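[1] give the three-dimensional model of this entry:
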Amino acid sequence: MVLSFYANAVLIGIGATAFMDLVALAQRYFLAQQSLNYAMVGRWLGHVLRGRFVHRPISASEPVILERAIGWGAHYLIGVSFAAIFLLFMGQDWLIFESLTPALIFGGMTVLAPFLIIQPGMGAGLAARCLPNPTVARFKTVLAHLSFGFGMWLTAIFLSGLQ
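    Now for the predicted structure:
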């Protein structure tokens, strides 16, 4: 069974994002580390649609209806979009060989989105520089995005086992 580009992008994006979420859940459970509140992402996106891009901090901004659902939906939609971009660059042949290195490199590159867009917009500053402990926040963000890359690789291996 050969899947289309779009089906592969959707499945790999969902799988990688779910793996990223499992890593965050493990960090919360085993290391007592707070993970990102996707309701705040939904709040930020709701305000972006109204023309407000920067908050100081987002938690002090007016809530948006269904912000949690919006945030989680956007989280998975972004994951699918990243997977599609990765497959566009790598080509469908990557699904045959499932090399880990390009997936990890790409996952590491996706950290630019939170560092340059989401964190500044939510009031944390460029690469979380305005947070009380920016080094920890940066490490957690990089780890999350590397786990996304690892999750793309794992999902591709899983999908190839089904074919």
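
[2] from the middle of its chain, how far away would the worst-scoring helix or strand of the chain on mean pLDDT be?
    In the chain, no helix or strand scores lower on mean pLDDT, DSSP states H and E than helix 94-97, which sits at a mean of 88. Relative to its chain's centre, helix 94-97 lies at 22 Å (CA atoms, centre = their mean, to the nearest Å).

[3] beyond it, next helix or strand please.
    Downstream of helix 94-97, the first helix or strand assigned by DSSP states H and E is helix 100-109.

[4] how about residues contacting the very next helix or strand once past that next one?
    Following helix 100-109 in sequence order, the next helix or strand is helix 112-113 (DSSP H and E). Outside helix 112-113, the residues that touch it by CB atoms under 8 Å, 6 or more residues apart in numbering are I78. In this view, the C-beta of every residue, glycine as well, is placed from N, C-alpha and C.

[5] hang on, the earlier thing: give the buried residues for the least confident helix or strand of the chain.
    Under the neighbour-count criterion of 16 or more other CB atoms under 10 Å, helix 94-97 has W94, L95 buried.

[6] same deal with stretch 24-38?
    Of the residues in stretch 24-38, A24, Q27, L36, Y38 count as buried by neighbour count, 16+ other CB under 10 Å.

[7] secondary structure class for the second one?
    In three-state terms, and counting by DSSP: H, G, I helix; E, B strand; the rest coil, Q27 is helix.

[8] still on that earlier bit, which of the buried residues of stretch 24-38 lies closest to A16?
    For these, the minimum distance to A16 (CB to CB) is 12.9 Å, reached by A24.
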